[in-house]
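Peer 1: Below: sequence and its predicted model.
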Amino acid sequence: MNAANIIDPATLEGLAAFGINVLIIIVKIAVVLAVGLLHVAYATYFERKVIGHMQVRLGPMRVGPHGLLQPFADGLKLFFKEDIIPAQADKAMFYLAPVIFMASAMVNLSVIPYSENFVIADINVGLLFIFAIAGIGVYGIFLAGWASNSKYAFIGGLRSSAQVLSYEIAMGLSLVGVMILAGSFNLSDIVRAQQQSVFGMYVIPQFVAFIVFTISAVAETNRTPFDLPEAESELVAGYFTEYSGFRFALFFLGEYIAMFIIASISAVCFLGGWTLPWYVLKILPFLEYVPGIVWYLIKVYAFIFFYYWIRATVPRYRYDQLMKIGWKILIPIALANIVVTGFVKLIL
Amino acid sequence: MIQKEAERIFETRELNVNMGPQHPATHGVLRLVLDIDGETIVKVTPYVGYLHRGIEKLGENLSYFQALPLTDRMDYVSAMSNNIGYCVAVEKLFGIDPPMRAKFIRTIVGEMSRIANHLLWLATHALDIGAMTVFLYCFREREWILDLFEMICGARLTVTYPRVGGVRNDVPQAFLDSLWKFTEEFPSRILEYETLIDQNRIWLQRTVGIGVISAEEAVNWGMTGPTLRGSGVPYDVRKHMPYDAYDQVEFDVPIGTAGDTYDRYRCRMLEMRQSNSIIRQCIEKLPPGPVMADDPKFVLPPKDKMLPITQPTDMAYFIIEKACKGCGMCLRACPAKAISGEKKKAHKIDQSQCLQCSTCFTTCKFKALTVVPGGKGLSDEKLAELAVAPDKLPDDIKEAQQNLTRQFDFIKKGPKVPEGEIYVATEVPKGELGFYFVSDGSGKPYRMRVRAPSFVHAGCLPRLCVGHLVADVIAAIGTIDIVLGECDR
Amino acid sequence: MAVTQVRLTFAPSGLAPLAIAEKIREAFPDQVVEVVEFRDQVSVIVKKGQIVAILRYLHDDPFLSFDHLQDLTAVDYAKKKDVRFEVVYSLYSIKYRHRIRIRAQVPENDPKIDSVVPIWAGANWHERECYDMFGITFTGHPDLRRILMPEDWEGYPLRKDYPLKGPDFEHDWPGFTDMVKRSRELREFEWEG
């Protein structure tokens, strides 16, 4: 008697299929992770170059041609730096905080539809999942601020958690309009719904929501003009003041991945993800042959470029002003938008 | 009841935050101890002195000419203005008047320094509030000014270009041309900065109504310069007690009304435009003539009329045997050890080792040492033939020798200054820089006191900050424009 | 918010400094010791007893109105004058554009003088500096601490009997010895310690 006789051939086939599926998912994860990390590396390079040219200077030029290898040099440097932990720090929390922050950012990469059928986990509550996980990321920030045993980090952590939590509300509310229009939480479905809609992109009917989303997205990722948690002129570096070396790098990575995620949500929910509006295709039909991922990346990077542009232009808000904008302006607007969208949807 | 109980159990205290002395926004080594309640400032205690170098004490032990380079180390951001302040004060004490051209050149470099200072102020102030691009734009123009400074005196930061009695050297034409080009371009550059922040809503929200101080209170706190004028007090030393060529040019003084951070910012922006116009007027009116006062009692002799410089290559120093008493003074003084000889016998200079530094020449009291023009490379016998007693030397060499003695004397001991005391203020970019000298008749000040605007302004910080938020402390530090080198002296 | 530009005139106005000195002499006849003039600047040497009253008069009098305290410092006249210290107040009136200098005599055996912080808030740090550098105590000062020197410093650096080079750090200032000791302890953590 051999093994083949015991197991039912159908089961075997099922197992093989399962194995292949797992393998495909693993390969997908590997690809997304590798590309994600490489993206972060070059997002920093891109940022420095863009801002550099906006500020009449060149940006990195020394490492490699046009400084192209600069991200690797930075990574190496951070990797070999001494790992400093403050004397009175809560060590366990201090170790844990960057991991939580980084991991929660990375997990979100799994539900983003990069292209037609290229998504690691095509779950039905994609949008909710992203918000839930982003909420966990706040723990990373807060723990980092608390565990460092530094007043700067503490204030930075407090500011940051307050800011991220309040702007998450505005951001979530601004996306409700999209959900009403698409009738789904699934990100891929949202893209398909946009493709079939009259406007081709939700940015046109949900213009107000898009503005609210963009502003709260900047605040959510702690970027200028809402970079108070890490306002270097006040709090040195905010919640990661006491971090150095690779732990600092984890925060850094997490932040850039969070930026990528937010840009992705904006691309998927408002700009049509990997698709182009039908009227564009009607005018320029040859664009149909361009792979969807290209459109997706163009949209994401346009959004990230917008981030950089803002950073090079405007000063920083004060803490109370920031909260005022969030609670007194953005949230009411987003709520009004939901009501209007709901009524319109009912009438049509 | 419950609340009272809770208050009893949970005592709330202010958070005590130590800002500085190593902090990105404290402009040097200012240390502020903040007591904050949430984000609101309850109390601010500034600590200064981390950069204290005892410049006042040093000044009392140096002659008036030696202490000049110390002044660039005070406000190193606008060193030129500090030099001018010192020179104007010392000139007033000596009772000398620099020539017109020197006055105009000083006015030019003083206003350049004002622009350079305000550019650095705007750059850091904007960076502190978060506008990063303004920082780099400002540095672009500041570099230009520093390069121009390098053109006239070889130094960019610690210049020591103005001297007691004038300026060190005349300005080259290329400098004036380049500066003219700068003044033509600069107004458009100011517009560039203003495009970024002047009407920016965030900038307005961060500066309007922050750090408000009324006119009476600002005067009472001793504020000066743009910090005072932002509150609407028309006090400008250049107008109230004109020095240099400020009474020859036309300029306006910008006055604010609200006395907040934004008005002080506007005052400085307008002041840069006024400085630009002053520079243009000065270049247009720049009179010809010498750049150094000619007053042998108080002013250092010109460098090109001193002994080793006259004919540096072909001179030889020679000891006249008959006149030499063998006292050994020159032997001990010679830095190259080129002089040999026993006591009470005539000494000799080894011409191959002589550096022609003229030290022996000035030390000899018996008129035994002399200079032989064109004597380099000649044998001792030939030199003995050519040598004449020092009092029979040609006039130009005699004058050069006297100049050299005067130079040594003035630098080491200082000139004979009349007894008295004097307080002279000048308008440096940060405010009123005052020098108070007490002279006891010797060549060194008996007491040198520096009234540094940064010191006074740093003292006002608690007044400006309390009741605002943490982020406004940064705006307040920026708006009073302090440099700790000057504050601590 | 509105910033305007004004064209100030150069013309000096106000009272002649000697006239101001006369007014002070009239108001406080027994306080004025001497009036000195040098290069158009006039100093009024006064006794320290009523210094606050004199300065209050100068500040409040509507025709004098010395609102701007340009400078406050001290001078150590060790062995030169009978009274060792003089506290110097340089006053200026922004309104009338006139100036005067008041010098208050402070004897060595009683180095105390009343604080003028109630008149000019800006005198606060100047008086602290005088205390730090000369050891003159300003009675009534709200917060009289050392300002430029370390808080545990001994001696008053700007006094004439204080050596230029200062004390021997290793023996005289505990702050320095502590630092040296600590740096020796930490040396074991250096690469080639």
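Peer 2: Perfect, I can see it now.
Peer 1: what sits against the residue nearest to residue B:263 when sequence neighbours are not counted?
Peer 2: Excluding its sequence neighbours, the residue lying closest to residue B:263 (CB to CB, 6 or more residues apart in numbering or on different chains) is residue B:256, at 3.1 Å. (C-beta placed from N, C-alpha, C; glycine too.) By CB atoms under 8 Å, 6 or more residues apart in numbering or on different chains, the residues touching residue B:256 are B:229-232, B:263-264, B:266-267, C:2-3.
Peer 1: Give me the below-cutoff pLDDT ranges for chain C.
Peer 2: For chain C, the stretches with pLDDT under 70 are C:1-13, C:166-172, C:192-193.
Peer 1: So which residues of it form helices?
Peer 2: C:17-27, C:51-60, C:123-134, C:169-172, C:174-186 (DSSP state H).
Peer 1: and of the ones you listed, who's closest to chain B?
Peer 2: helix C:123-134 (3.8 Å; CB to the nearest CB).
Peer 1: Any idea what residue B:348 is bridged to?
Peer 2: residue B:340 (DSSP bridges).
Peer 1: Close to chain B: what parts of chain A are there?
Peer 2: A:51, A:54-57, A:151-152, A:155, A:224-225, A:227-228, A:231-234, A:236, A:311-321 (CB under 8 Å from any CB of the partner chain).
Peer 1: From the residues you listed, list the buried ones, please.
Peer 2: Among the residues of chain A next to chain B, those buried by neighbour count (16 or more other CB atoms under 10 Å in any protein chain shown) are A:51, A:54-55, A:151-152, A:155, A:224-225, A:227-228, A:231-234, A:236, A:311-319, A:321.
Peer 1: and stretch B:27-41, does that touch chain A?
Peer 2: Yes. Stretch B:27-41 reaches chain A (CB under 8 Å from any CB) through residue B:39.
Peer 1: I'd guessed residue A:46 sits against residue A:307; true?
Peer 2: No. Using CB atoms under 8 Å, residue A:46 is not in contact with residue A:307, being 10.3 Å away.
Peer 1: Where does the stretch 301-450 of chain B get nearest to chain A, residue-wise?
Peer 2: For the stretch 301-450 of chain B, CB to the nearest CB, closest residue to chain A: residue B:430, 20.2 Å.
Peer 1: who's more crowded, residue A:46 and residue A:307?
Peer 2: Between residue A:46 and residue A:307, counted using other CB atoms under 10 Å in any protein chain shown, residue A:307 has the larger neighbour count: 20 against 17.
Peer 1: In terms of helices and strands, where is the more buried one?
Peer 2: helix A:292-313 (DSSP states H and E).
Peer 1: got it, and residue B:152?
Peer 2: Under the assignment here (DSSP H and E), residue B:152 is part of helix B:132-153.
Peer 1: The residue nearest the centre of chain C and residue B:258: what is the separation?
Peer 2: Taking CA atoms, centre = their mean, the centroid of chain C lies closest to residue C:73, which sits 2.2 Å from it. Taking CB to CB, to the nearest Å as the measure, residue C:73 and residue B:258 are separated by 33 Å.
Peer 1: secondary structure class for residue A:95?
Peer 2: helix (DSSP: H, G, I helix; E, B strand; the rest coil).
Peer 1: How many residues are close by the residue of chain C found nearest chain A?
Peer 2: Nearest residue of chain C to chain A: residue C:189, at 11.1 Å (CB to the nearest CB). Applying other CB under 10 Å, we find 7 residues neighbouring residue C:189.
Peer 1: any idea how far residue A:82 is from it?
Peer 2: 11 Å.
Peer 1: re earlier: so what's the gap between the helix holding residue B:152 and the chain middle?
Peer 2: Centre-to-centre, helix B:132-153 and its host chain are 18 Å apart (CA atoms, centre = their mean, to the nearest Å).
Peer 1: Which other helices and strands does whichever helix or strand comes after that helix contact?
Peer 2: Next in sequence after helix B:132-153, counting helices and strands by DSSP H and E, comes strand B:162-163. Judged by 3 or more CB pairs under 8 Å, 6 or more residues apart in numbering or on different chains; DSSP states H and E, strand B:162-163 is in contact with helix B:79-94.
Peer 1: So which residues make contact with stretch B:398-417?
Peer 2: B:63-66, B:93-94, B:296-298, B:300-302, B:305-310, B:358, B:361-362, B:371, B:390-391, B:393, B:439, B:441-444.
Peer 1: Selecting buried members of those in ChimeraX, what would you type?
Peer 2: Selection of buried members from those for ChimeraX, criterion 16+ other CB under 10 Å:
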select /B:63,64,65,66,93,94,298,300,301,302,306,307,308,310,358,361,362,371,390,393,439,443,444
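Peer 1: those strands in chain C, which residues are they?
Peer 2: Along chain C, counting by DSSP state E, strands occupy C:4-6, C:32-38, C:41-47, C:68-76, C:85-92, C:99-106, C:112-114, C:137-139.
Peer 1: quick one: the strands in the stretch 201-350 of chain B?
Peer 2: For the stretch 201-350 of chain B, strands defined by DSSP state E, counting those that start in this stretch occupy the ranges B:253-255, B:316-319, B:339-340, B:348-349.
Peer 1: And the residue of chain C that's closest to chain B?
Peer 2: For chain C, CB to the nearest CB, closest residue to chain B: residue C:122, 2.7 Å.
Peer 1: hang on, residue C:121 packs against residue B:221?
Peer 2: Yes. Between residue C:121 and residue B:221 there is a contact at 4.9 Å, judged by CB under 8 Å.
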